[in-house]
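Participant: Here is a sequence with its predicted model. Questions after.
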Amino acid sequence: MSKTNNISVKNLSFSYESEKIFTDINFQLFTKDFIAIIGPNGGGKSTLLKLLLGILQPLKGEIKIFGKKPNDISLKLGYVPQNTNINKNFPIRVIDVVLQGRLGVSKKFWGYSKKDIEIAKEALKQTRSYEFLNKKIGELSGGQRQRVFISRALATKADILLLDEPAASIDAKGQIELYGILKELNKSKGIIVISHDINISFSFANKVIYVNKDIFIHDSPAINKDKILENIGNAKEHVCPVELMLNKEMCLHKQKDSK
């Protein structure tokens, strides 16, 4: 894969007024990775996502995606925000919500073209939501609505989907189904997702970014668990927080199994 297909972050610094969030951060990732961003509240997870999207601008340094600044390729980045609460009484159909993803993309001056509608329907099929096509968005469960909002991001024809805690407030079954859909989408698109559930992140992602004012990047245990455990055993000075969390999770599982 060529370098222009990388997410490249160089000497990145960012602050909210006097509060420093990141200082001289450097990393590279492939845009076809399934990346889970984890870490404590206030550590900078959402800030990192917004910097990658171009919603926030670095105080210093640069971010390049496909060799360009995020604002220059915004149509290639599909965003699903954390707060997708809506007025459940607002009478908008699911298909109309998804078609919002065509705004600014469609070449039609007024309304939506036949092609736009076909793209929206295909996006619903990709998230297993086509059966909700003509339902009002307020009639759906939280997990179903989230799949519709992912469909809206897909309708932009983005190459990378960036999601801020998409499984929050969804039951365990719904979370697994949602991540299964994202894993399927990852065959053709990059996925970057903030997750509060470490187990799910480790199960589906191939890269894990731990964010807490600094950034640590690791292969997901789903990809290379044995290597990570070997690093823990051989570590002399630094152990990545992802390694520590994996070791803790395995200890907890062993305790449960021994009862």
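Facilitator: Structure's in. What do you need? Numbering: from 1, shown residues only.
Participant: From now on I want contacts and neighbour counts done on CA atoms only, so please keep to that.
Facilitator: Noted.
Participant: All the helices of the stretch 51-200 of the chain, residue numbers only.
Facilitator: With DSSP state H, counting those that start in this stretch as the criterion, the stretch 51-200 of the chain has helices at 94-99, 114-126, 142-154, 172-185, 198-204.
Participant: Can you tell me what sits against the third one?
Facilitator: Going back to what we said before, that points to helix 142-154. For helix 142-154, the external contacting residues (C-alpha atoms under 8 Å, 6 or more residues apart in numbering) are 78-80, 84, 94, 97-101, 120, 123-124, 126-129, 137, 161, 166-167, 169-170, 174-175, 178.
Participant: By mean pLDDT, flag the weakest helix or strand of the protein.
Facilitator: Least confident helix or strand of the chain, by mean pLDDT, DSSP states H and E, is helix 241-258 with a mean of 50.
Participant: Residue 58: neighbour count?
Facilitator: The number of residues packed near residue 58 is 17, by other C-alpha atoms under 10 Å.
Participant: should've said residue 134
Facilitator: Applying other C-alpha under 10 Å, I find that residue 134 has 12 neighbouring residues.
Participant: Now it: phi and psi?
Facilitator: With angles defined as degrees, to the nearest 10, residue 134 sits at phi -100, psi 10.
Participant: State the distance from the closest residue to it other than its chain neighbours to residue 104.
Facilitator: Once flanking residues are discounted, residue 134 sits nearest to residue 93: 5.6 Å by C-alpha to C-alpha, 6 or more residues apart in numbering. Per C-alpha to C-alpha, to the nearest Å, residue 93 is found 20 Å from residue 104.
Participant: same question, residue 19
Facilitator: Distance from residue 19 to residue 104, by C-alpha to C-alpha: 35 Å.
Participant: higher neighbour count, the two?
Facilitator: Legend: neighbour count by other C-alpha under 10 Å for residue 19 and residue 104, higher for residue 104 (11 against 8).
Participant: quick one, what contacts that one?
Facilitator: If you count contacts by C-alpha under 8 Å, 6+ apart, residue 104 has none.
Participant: which residues does the most centrally placed residue in the chain bridge with?
Facilitator: In the chain, the centroid-proximal residue (C-alpha atoms, centre = their mean) is residue 193; its distance is 2.0 Å. Residue 193 has these beta-bridge partners by DSSP bridges: residue 36, residue 163.
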